[in-house]
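Participant: got a structure for you, letters missing:
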């Protein structure tokens, strides 16, 4: 069973559990999957592959994180709390991200392999690492690790 079909099945589970927050989030995910299918020229009845599903969930997760940040800056903690609850549900479907130490090991290996010694090539190194770790590591963490290496 694909991740797309599994998440569609979660709608029924959330309805039976009367979990309104989860139901709302899962319905939103399925809608986003359909929008992604249509945007890529497929029909709404098709199913998205697992990589596409994870890409959409990551996008939805980033939207929640941005909303939380904006609500907290605007002094609206009650709205930030509801976004945090939705984010927690979304993150259950995402694979665990690499730790900073794991990223550092990959970054050091890539730095040696490419022979990069000066800070002017830091952006290039970050790009190569992000390509290798696609979806496994947070971009901000990778950039921070690379920046630390050239300090």
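Facilitator: Structure received. What you see is a predicted model, and the numbers here were worked out from it, not measured in a lab.

Participant: Now do the phi/psi pair for the residue nearest to residue 52 when sequence neighbours are not counted.
Facilitator: Nearest non-adjacent residue to residue 52, counting by C-beta to C-beta, 6 or more residues apart in numbering: residue 36, 6.2 Å away. To be clear about C-beta, it is placed using only N, CA and C from the backbone, and glycine gets the same treatment. Taking degrees, to the nearest 10, you get phi -60, psi -40 for the backbone angles of residue 36.

Participant: for residue 36, what are its contacts?
Facilitator: Residue 36 makes contact with 48, 52, 55, 56, according to C-beta atoms under 8 Å, 6 or more residues apart in numbering.

Participant: now the residues you listed: which count as buried?
Facilitator: 48, 52, 56 (16 or more other C-beta atoms under 10 Å).

Participant: Low-confidence bits of this protein, can you list those?
Facilitator: By pLDDT under 70, the chain contains no weakly predicted segment.

Participant: Quick one: classify the most centrally placed residue in it as helix, strand or coil.
Facilitator: In the chain, the C-alpha nearest the mean C-alpha coordinate belongs to residue 58, at 2.6 Å (C-alpha atoms, centre = their mean). With DSSP: H, G, I helix; E, B strand; the rest coil as the basis, residue 58 sits in helix.

Participant: If anything else comes up later, I'll come back, but that's it for now.
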